[in-house]
Structure formats: structure tokens, C-alpha cells
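*Asks:* Quick check, what structure comes out for this input:
(chains A and B)
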There are 2 protein chains.
Amino acid sequence: MTFHQQTLANGLQLIGERSPSARSAAIGFFVRTGSRDETPDVSGVSHFLEHMMFKGTPRRTALDVNLDFDRIGASYNAYTSEENTVYYAAVLPEYLPKAVDILADILRPSLREDDFDTEKQVILEEIKMYEDQPGSVAAEHARKLFYGAHPLGNSVLGTNASVTALTRDQMHGYFSRRYSPSNIVVSAAGNFEWNELVKLVSAACGAWDAGESGRGNRTEWPGCGGLHVLTRESVQQEHVMLMAGGPPADSPLRYAADTLALAVGDDSGSRLYWALVDPGLAESADCAYYENDGSGCVYASYSCEPDEADGNLDIVRTVLAEVQKKSITADELHTAKSKILSRVVRGSERPMGRMQAIASAWSYTGEYRDVDTELKNFDAVTLKDVRAFLDRYPIDRSTVIAFGPAKELGGASGRTV
Amino acid sequence: MTFHQQTLANGLQLIGERSPSARSAAIGFFVRTGSRDETPDVSGVSHFLEHMMFKGTPRRTALDVNLDFDRIGASYNAYTSEENTVYYAAVLPEYLPKAVDILADILRPSLREDDFDTEKQVILEEIKMYEDQPGSVAAEHARKLFYGAHPLGNSVLGTNASVTALTRDQMHGYFSRRYSPSNIVVSAAGNFEWNELVKLVSAACGAWDAGESGRGNRTEWPGCGGLHVLTRESVQQEHVMLMAGGPPADSPLRYAADTLALAVGDDSGSRLYWALVDPGLAESADCAYYENDGSGCVYASYSCEPDEADGNLDIVRTVLAEVQKKSITADELHTAKSKILSRVVRGSERPMGRMQAIASAWSYTGEYRDVDTELKNFDAVTLKDVRAFLDRYPIDRSTVIAFGPAKELGGASGRTV
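*Replies:* Down below sits the predicted model:
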């Protein structure tokens, strides 16, 4: 594998990892913008804009976009998170030029008023359907209560009110501010020629106007604290989340955080699995570390029958307090590392996986990490590193959020949502 | 890539495709047994038995099985279909010996009476939860009505009554008949040493008693025909399936069948997509070819609001009749082939994908097909082949099954289910 990178004159960054033995290529446009970069009056605009990118450009109708991707057999999609909006495609190597052409084209959309109005209805429908997914609603409430006024608590979808009020000109303003070339990383992986790719991307994006996008509040966040019981009687299961602060994406402690979270809450064979799932006390239980730009978090959660929720909360708190006090055992560390190494290797076996991994590392740290480096970093995690992580980011000082039919939990009364 | 194969003295077949550049290895035990091999009195036993395989052996408790897989960071699982029961794991190359040891061990389970009783409750719960997934219930009804008395119509889960009545001795009898070495293919792909693998599998499985398993009815099946409206008012959406016979897995027409089905019903840019999904008439619409041992089928389906179901049925019938009469265009064939070639390539990029692909080809046809051969076979599909497929397996002579709130459809009255 060989790594290449180049920055165009207008600030657009291009990175690529070539694997000549691969049979396909993956390419993605990573725009460093998401709900955390929105002001309340345009809440949901990042995600809505992502949809609009497929609705046509001066060169292509929405139908053309669909047909052009289809003719090259592309596996393509896009997603919006709190801090990234990503457009990507995986194709056979001979179709990479066409994939670059389409992706670059749609990233300079027409944003036509009538398309905007039509798509707004689709988004409002999506917001409505989202309300039927208790796990997602629970997670969104939890993030909001954990982050408070910190912009990482912003909703990706926005609300019915914010999306309804949004105008095409507000969206265009957001687009102009956030989609400047210097805020975009184009990432490629798999079977492709680097010089050819540079030519393609330069031709397609070199004329994009330069600009600066930046990002606001990037402070670390330990959570607002508290026990919040949100009652919705129509939901069957109780969803409970315990969130604590964690290292940001560019911290060396990310490896220990990921490893420890897996030992605590992997969906098979972890502390929470043996405490809750194996004995049948909870439907699911897990713990994961999420890295973000400037601030990470560690997220333990479970879902269960409402009448088990109270007892389970005691159990989870006990597990977290024990781990905080005594850390994990050498055997648990070994198992967690085996799982992570296996996960990293399997995730690296497709160009799509590598394209995402190098783009993520690059945009958070400006570094290229090949698979071997990433494996070495995880393999090097010691019990001492885990202890250092726990001391710096105590996992038992949680903001606790419950969502479901329970009217009371852990001694706190619920408020209906 | 190099392919190897060997049959042990007791009949167990071992196949492997080595890719020295891969960073992981995948291994699977493919047992040629599933619901089609069950008699009505043991309906559901294949799937129940799959669960029991993880409940312990003379050498391992259920806990040991879980911990042993966990310590090597294995991504492991199992599934049961109408005709196969498959146990598999993906691991780093150094852990392959251990993965073989665990998988081979669990395939000779203790089937302890108390574990059997406990797990029976889990299965009954699974059957109950399954009832809450309208799409799955619809598909099961459809298969039953399409296949009638043909064993491919048998339910994988079985019913509450059949599973409740099942005894441990019946399960043991089924296991003895169906899990003979000659009915098992062990498949490996990725980074491994063939000679080493032969030694490992011989040591682990060489002493298994030989026996013959066979399989009953393998005749081709065009479907029972008719329009069946199954009414369940508590369901929100109407699910409609139009099923027709298709070539069996070892037919050369499988390539044309797969390509045609994609042109008719891929979830983006296909006849049904443009006719139903793009204009918002249906939530989803698709068409797919399923290959089976001795008999395939082509499956068009859509789900929509109940009041659109009738009009949509006319549209789908018109689309199928047009395709049957005039076939597809050269442009549609080109797009469908681009998608399939891309899908085959992307599916081949992980050892897990190759392990499954070679095992499937091997057990259906006794052939090894490398990725290039498979690509060549799809690339060679002509409009003439598509025509030959349509003439042999008309896609418009369907068995139609509707499941949902509608009390009437296409002039037929519903019966409550």
C-alpha cells in the first residue's frame, strides 16, 4: 500500500491509499460540517442539504444523477453526522473517473426552489418516522441532555418547526459558508492511479472558490450530569443510557478508551453482557467510545422490560464503579484487544473501509495511519494506559438518561415527553 | 489465489481458496440441511438444533464456547435456511487453529436435556417476536402458498406447536441423520496454509462416523398459482409478493435470471423503482432471483399504503407482462450487468465473502468458481440469454400473495390470518 496526498490551490485536500491488489476503488468527499456547525435557526440544514445534493446541478437533473450512478454500477450513498457530511461511492476501477465526475458535480448543486420545497416534505416525513424508533429518540434526548449548550448536542435531523421554517436562501448561505474547498477532504482507496486521480479531482474541483469555514466550540465536555427520566408510555422497552466524557479524536488515550469500552460492554462476553444480557435481565447492553472533534464520550446503555430497569441501573452503576476503582483484568484486556485487532483488520479489507479510515484520521489529526500502525497502537495498550484513561475520564461520573414507559427510575420522577 | 480441495475418508469435504495478501481468514462449516429436510412432526428442528450447537459439548460448557470464541476475537455466528445450516468465524490468521477446534467441537454437541428445555423457551420467544415483523410473516406465508406441498415451503422457525412438541430424542435422531460428514463442506478463504488446515480439520473431524444423509424432493417447481389475500388488520402496510419459478442453482440460466431480476427490481433505477418507488406509490419495490437446490424462484414484491395496493398490483402485473413480452433493452442489460459485476467484486473483497461464495458453488454444483470466472459468466449474459430465461421461466405467471390490512385485492376477498 502506498499513501499520497496533495492540496489544491483552493485548499481542497486530496488523500489516497493505493492497494494494487484490490479489485475496486472507493472514493468519498468528506465535508467537515454537521449539526454541531448549525445555529438554532437553521437546525437540520446539514442533513437537508445532503438530500438536496442529489436533486440536480446545472449539468444534471436528479434523474441524471440516479441514472449516471446506476450505469457505472456504483454502490453510493451519503450520510450526515454531528460533525461530518460524507458522499461516497465504490466502483470498479474503470469507472472511477465517472464517479469523481458525478460526486464533484453534485457537490455544487442548483438548490432549486421547487426541489427544495418537495424535498422538505421528505425530510419532515423522515422526522416523523424517526419518532417511531424508540432507540433513536432515546439517543437523541440523551445527547441533548449530556451536552446541554455544547454544539455536539445539536440534533442532526432538526425539528419539524426548524425544518418547516427553513428557507432556500438560508440553506444556500449555509452551503456557501461550509462547503468551501478547504473544508473538504477527498479520500480514495483501493485500485487507482494517484496521478490520474489528482488530474480528475483538479479538473472537477480546481475552479471551486476558495474560502474559510472553521468551526466553533471544540472544548472538551464532561457532561451536564444528573438523572433524567423521560416518560413515554407508548414505548414497550425502557432505554437507559449512562454517558461520560472521553478523549477527543486526536488524543493518544483513544486507544485505551476504545479497548476499555469494549471490555465493559461488547455485545458478547463483556462485563455488561455477563451482568445483564446472559442472565436475561436486559434485551441488550453495551458500552462504546465515540470520538469527536475536540471532545469524546463513553456511552454505556441497556434496554429492558420496564420493571427490570431500576434493578439494572444499580447493576450497571456497580459495574462502572468497580471498573473505575479496580480497572479490568489482564485477561479482559487481552480479550478486548483480540476483538479490536480482528475488527480493525476485517474493517480494512475493503477499499470502502480504508477510504473512511484514512479520511477520518486525516481530518481529525492531519495524520496518515496505515493498518499496521493502527494495529500497533491498539496492541500497545497496557493496563497502565487503561488506568490513565480512567483517571483522566472517570466512567462512573455519568449523566443518566432513561426513555420509556417508566414513570420513575433510581428515585427520580419522570417527565412526559 | 489458489484453490484446494480434499475429501476425508469419512466423506467430509474440505475446500479452500488462499489469498496470501489477505490479513484474516474465514472458515465455515456448511451442513446441507434445513427446513426442507424436515418432516412435519419435527418442523423447526434444524434451526433449534443450530442454537443447541452453542450450548456445550463433552469438552466445553456454553460459557466456554462463548469465552473461547471471544479470546480469539472471532467474529462468529450461524444461520439456518431452507436448505443449509452454516456455522462460521472470521479470525486473524494465527487464531485459525483455535477457530477450527471450537467449530468442530460444537458440531458434536452434548444436546443435554436441561439445555434443550431452556433453549426451547428462547426459540418460542423468537417465534413470538417474529410475528411482530410483518415483512417476515408475509414472506413466510408467501413461500408456503407458492410451494404448497413441496418441501421448500417448510417454515425455518417452525410453529409454537411443533417446537413445543419436539423432544430431545427427536432432535438427536435428526442430528444423527443429517450431520454426517458426507453432508458437510468445510470452507476456508483468506490467509491460511492449506496443508496446515487439512491437518487441523482431519484431527478435529476425522473420527466422525461416516453416514449418508441425502435429500428428498428436488424437483423444479413453477408455483401453485392463484391470488391469495391474507388479512391482518393490525398491520400498517400492505405487503404484496408475486412469485414465479426460476432456474435451480446449477443451471446455466442462473446468470440471466439474476441479471433480469436486477433490471426489473433493483432498489434503485429499475423498472419497478421507476414505476412505484420514484413516484411515491410504494414504500419499497424489488425483484430478486433466489437459487435453490433443484428449484429456483423469482420474487417481485412491494409494500405500500393499503389504499395504493390495488392500483400497484395492476402496475406490477403490467411491468412483468411487458418484460415477459418484450424483454429488457440493451441499455437496461448494460446497467444491470454493471451493478452485478460491481456487487460480485465488492462481495469478494473479504475472506468471509469468498468463503461463502466457494462453499455455495461447491455444494450446489461441485465446482470451484474463482472471481474472474464468476465475472466472466455474468459479463457474457446477452439479450438472447435473457430471452431464453424468460421463455423457459415466464415471470408473469405468478402466484400472488398479499398480507396486510386490505380485505380485498385484485378482486379477491381476504381471509383473516
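*Asks:* does A:T118 sit in a helix or strand, and which one?
*Replies:* Counting by DSSP states H and E, the element that carries A:T118 is helix A:113-130.
*Asks:* Show me what that helix is packed up against.
*Replies:* Here helix A:113-130 touches helix A:45-52, helix A:160-165, helix A:168-178, going by 3 or more CB pairs under 8 Å, 6 or more residues apart in numbering or on different chains; DSSP states H and E. Yep, even glycine has a C-beta here, placed from its N, CA and C like the rest.
*Asks:* how about the ones you listed, which one is nearest chain B?
*Replies:* Nearest to chain B among those is helix A:45-52 (14.9 Å), distances taken as CB to the nearest CB.
*Asks:* Using PDB, list the CA coordinates for whichever helix or strand comes after the closest one.
*Replies:* Following helix A:45-52 in sequence order, the next helix or strand is helix A:62-71 (DSSP H and E). C-alpha atoms of helix A:62-71 as PDB (Å, rounded to 0.1, in the frame of the first residue of the first chain):
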ATOM      1  CA  ALA A  62     -32.000  14.400 -10.200                       C
ATOM      2  CA  LEU A  63     -32.900  11.700 -12.700                       C
ATOM      3  CA  ASP A  64     -29.500  12.000 -14.400                       C
ATOM      4  CA  VAL A  65     -27.700  11.700 -11.100                       C
ATOM      5  CA  ASN A  66     -29.500   8.500 -10.400                       C
ATOM      6  CA  LEU A  67     -29.000   7.100 -13.900                       C
ATOM      7  CA  ASP A  68     -25.400   8.100 -14.100                       C
ATOM      8  CA  PHE A  69     -24.500   6.400 -10.800                       C
ATOM      9  CA  ASP A  70     -26.600   3.400 -11.900                       C
ATOM     10  CA  ARG A  71     -24.900   2.900 -15.300                       C
END
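*Asks:* sec struct for the closest residue to chain B within the stretch 51-200 of chain A, please.
*Replies:* Taking CB to the nearest CB, chain B has its nearest neighbour within the stretch 51-200 of chain A at A:G73, 3.2 Å off. State at A:G73, reduced to three classes by DSSP: H, G, I helix; E, B strand; the rest coil: coil.
*Asks:* Next: the one 4 residues further on.
*Replies:* Secondary structure state of A:N77, per three-state DSSP, is strand.
*Asks:* Who does the closest residue to it other than its chain neighbours form a beta bridge with?
*Replies:* For A:N77, ignoring the flanking residues on the chain, the nearest one in space by CB to CB, 6 or more residues apart in numbering or on different chains is A:Y88 at 6.5 Å. Judged by DSSP bridges, the bridge partners of A:Y88 are A:G28, A:N77.
*Asks:* Look at A:Y88 and say how many residues are nearby.
*Replies:* Other residues lying near A:Y88 total 22 when counted by other CB atoms under 10 Å in any protein chain shown.
*Asks:* what about the helix or strand hosting A:Q6 and chain B, touching?
*Replies:* Take DSSP H and E as the rule and A:Q6 turns out to sit in strand A:2-7. No - remark: strand A:2-7 sits outside contact range of chain B, by CB under 8 Å from any CB of the partner chain, the gap being at least 14.6 Å.
*Asks:* list the contacts for the residue nearest to A:N77?
*Replies:* A:26-29, A:76-78, A:103, A:352, A:355-356 (CB atoms under 8 Å, 6 or more residues apart in numbering or on different chains).
*Asks:* could you redo those residues as CSV and give each row pLDDT and neighbour count?
*Replies:* Shown next, in CSV, are the contacts of A:Y88 (pLDDT from 0 to 100; neighbours: other CB atoms under 10 Å in any protein chain shown):
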residue, pLDDT, neighbour count
A:A26, 98, 27
A:I27, 98, 29
A:G28, 98, 24
A:F29, 98, 25
A:Y76, 96, 23
A:N77, 96, 13
A:A78, 98, 19
A:L103, 98, 25
A:M352, 96, 22
A:M355, 98, 27
A:Q356, 97, 19
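*Asks:* follow-up on the earlier one: does anything pack onto the strand holding A:Q6? Which helices or strands?
*Replies:* By 3+ CB pairs under 8 Å, 6+ apart, strand A:2-7 packs against strand A:13-18, helix A:194-205.
*Asks:* Next, the angle strand A:2-7 makes with the last one.
*Replies:* When you say that, I think you mean helix A:194-205. Orientation note: helix A:194-205 sits at an angle of 30 degrees relative to strand A:2-7 (axes from the mean of the first three to the mean of the last three CA atoms, to 10 degrees).
*Asks:* next one: the first one
*Replies:* What separates the directions of strand A:13-18 and strand A:2-7 is an angle of 170 degrees, with the same axes, to 10 degrees.
*Asks:* So A:V298 is in contact with A:M243, correct?
*Replies:* Yes - A:V298 lies in contact with A:M243 (CB atoms under 8 Å); the separation is 7.3 Å.
*Asks:* how far is the helix holding A:T118 from where the chain is centred?
*Replies:* 22 Å (CA atoms, centre = their mean, to the nearest Å).
*Asks:* Which helix or strand lies directly C-terminal to it?
*Replies:* Following helix A:113-130 in sequence, per DSSP H and E, is helix A:134-147.
*Asks:* What are the buried residues along that following helix?
*Replies:* Buried residues in helix A:134-147, counting neighbours by 16 or more other CB atoms under 10 Å in any protein chain shown, are found at A:134, A:137-147.
*Asks:* Contact distance from chain B - what residues of chain A qualify?
*Replies:* Close to chain B, as judged by CB under 8 Å from any CB, chain A has residues A:21-24, A:66-67, A:69-75, A:90-92, A:95, A:268-269, A:334-335, A:337-343, A:345-346, A:348-352, A:371.
*Asks:* What about the residues you listed, which are in helices?
*Replies:* Applying DSSP state H to the residues of chain A next to chain B, the entries found in helices are A:66-67, A:69-71, A:334-335, A:337-343, A:345-346, A:351-352, A:371.
*Asks:* out of the residues of chain A next to chain B, which are buried?
*Replies:* For the residues of chain A next to chain B, buried by 16+ other CB under 10 Å: A:22-24, A:66, A:69-75, A:90-92, A:95, A:268-269, A:335, A:337-343, A:345-346, A:348-352, A:371.
*Asks:* Flag every buried residue along the helix holding A:T118.
*Replies:* Buried residues in helix A:113-130 (16+ other CB under 10 Å): A:115-116, A:119-120, A:123-124, A:127.
*Asks:* any chance of the helices and strands packed on helix A:113-130 in CSV, with mean pLDDT, distance to B:I184 and mean neighbour count too?
*Replies:* Shown next, in CSV, are these (pLDDT from 0 to 100; distance: least, CB to CB, whole Å; neighbours: other CB atoms under 10 Å in any protein chain shown):
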stretch, mean pLDDT, distance to B:I184, mean neighbour count
helix A:45-52, 98, 47, 24
helix A:160-165, 97, 55, 15
helix A:168-178, 97, 56, 16
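*Asks:* can you tell which of these is closest to A:G311?
*Replies:* helix A:160-165 (36.7 Å; CB to CB).
*Asks:* Give me the contact list for that closest one.
*Replies:* Outside helix A:160-165, the residues touching it (CB under 8 Å, 6+ apart) are A:40-44, A:48, A:120, A:123-124, A:127-128, A:157.
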